[in-house]
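Chemist: This is a predicted model, with the sequence first.
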Amino acid sequence: MCGRFVEEEKHCDRPAALVLDGATRLKISKLLSLALRHDPSALGLRLDKEGWADLDAVLSGLEKAGLGIDAAVLKALVELDDKGRFELRDGKIRARYGHSIDVSISYPEDAAAAALYHGTSMDFLPAILREGVLPMRRRYVHLAVDVETACLNARRRPRPVVLAVDAECLRRRGYRIYAAPPRMAAMAMLAWPCWLWLCFSTSRGGLRGGSGEGCGERLPRLGLWGRRQAASGAGLLSLCGL
């Protein structure tokens, strides 16, 4: 649709005017995440029990922080967020997931997903394989519904790694999985016996991965290949470019 905010330099065959540069967009996104997930005082906000904040109060807080934007730009930032972190409704805004503060967000249960993905660091793998993934200071463990979103999470860390999880295995063990749309799922904790796949980057930057169900099948455009993991019931050990 012509006339909307976009991330490309050209739109509808015409040059687009820069409204928000990448560095400022990142600062605003991080500050919104801090205020709406962990510390409302960072923007001088009051959240209701479901995590909603008044949109005008958020805009005022951003202005005071030297990051002033108007409501239309904030709406575009929310709509174009690569992980769907925020939502707008009736003049209010909230974080969809990732809270450490006490809010009550009702997520529908996800009974359909076959695989979910967790982006982390190789440095954390020993603890994860020993204990599973714990929510730590957050209310839930958050998993991506696709590899691409998990890779976005993993890239923020040194030695990025993506773990694929057998969702049916989790359900059989009594774990409930909740949908935190559009690209995330949430659960109380993540048990280690249900890992399916491991995808990680190589020091030489090559793209490597597994074929068949999981990473290799979901990302064929990466030209993935892989090898069988020895002495393990975890299926295929896949390597993919992050």
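Modeler: Happy to help now that I have it.

Chemist: For this structure, just list every one of the helices.
Modeler: Along the chain, counting by DSSP state H, helices occupy 22-33, 55-64, 71-79, 125-131, 147-154, 167-172, 215-218.

Chemist: With distance to residue 119 and mean pLDDT added, can I get these in CSV?
Modeler: All C-beta atoms are positioned from the backbone trio N, CA, C, and that covers glycine. Formatted as CSV, those follow (distance: least, CB to CB, whole Å; pLDDT from 0 to 100):
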stretch, distance to residue 119, mean pLDDT
helix 22-33, 16, 94
helix 55-64, 27, 98
helix 71-79, 22, 92
helix 125-131, 12, 82
helix 147-154, 3, 84
helix 167-172, 16, 89
helix 215-218, 12, 35
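
Chemist: Which among the ones you listed is found nearest to residue 138?
Modeler: helix 22-33 (11.8 Å; CB to CB).

Chemist: CA atoms only for the closest one, dumped as PDB, please.
Modeler: Listed next in PDB are the C-alpha coordinates belonging to helix 22-33 (Å, rounded to 0.1, in the frame of the first residue of the first chain):
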ATOM      1  CA  GLY A  22      18.300   2.800  12.500                       C
ATOM      2  CA  ALA A  23      20.300   3.800  15.600                       C
ATOM      3  CA  THR A  24      17.400   5.900  16.900                       C
ATOM      4  CA  ARG A  25      14.900   3.100  16.100                       C
ATOM      5  CA  LEU A  26      17.100   0.700  18.100                       C
ATOM      6  CA  LYS A  27      17.300   3.000  21.100                       C
ATOM      7  CA  ILE A  28      13.500   3.500  21.100                       C
ATOM      8  CA  SER A  29      12.900  -0.200  20.900                       C
ATOM      9  CA  LYS A  30      15.200  -1.000  23.700                       C
ATOM     10  CA  LEU A  31      13.700   1.700  25.900                       C
ATOM     11  CA  LEU A  32      10.200   0.500  25.200                       C
ATOM     12  CA  SER A  33      11.200  -3.100  26.100                       C
END
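
Chemist: what residues does it touch?
Modeler: 20, 42-43, 58, 62, 65, 67, 69, 77, 81, 85-86, 93, 95, 98 (CB atoms under 8 Å, 6 or more residues apart in numbering).

Chemist: mind showing which ranges of this protein have poor pLDDT?
Modeler: 1, 3, 192, 197-242 (pLDDT under 70).

Chemist: what residues are up against the residue positioned nearest the centre of the chain?
Modeler: Central residue of the chain (CA atoms, centre = their mean): residue 83, 4.8 Å from the mean position. Taking CB under 8 Å, 6+ apart, we find residue 83 in contact with 144, 149, 152-153, 183-184.

Chemist: just to revisit the earlier point, any of the contacts of helix 22-33 buried? List them.
Modeler: With burial judged by 16 or more other CB atoms under 10 Å, the buried subset of the contacts of helix 22-33 is 20, 42-43, 58, 62, 67, 69, 77, 81, 85-86, 93, 95, 98.

Chemist: Mind checking which of the residues you listed are in strands?
Modeler: Those of the buried ones among the contacts of helix 22-33 mapping onto strands are 86, 93, 95, per DSSP state E.

Chemist: Including distance to residue 114, could the residues you listed go into TSV?
Modeler: Supplementary listing: those in TSV, determined by distance: CB to CB, whole Å:
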residue	distance to residue 114
86	27
93	32
95	27
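
Chemist: ok, now how distant is the nearest residue to residue 20 once chain neighbours are set aside from residue 161?
Modeler: Spatial nearest neighbour of residue 20, excluding adjacent residues (CB to CB, 6 or more residues apart in numbering): residue 73 at 5.9 Å. For residue 73, the distance to residue 161 equals 35 Å [CB to CB, to the nearest Å].
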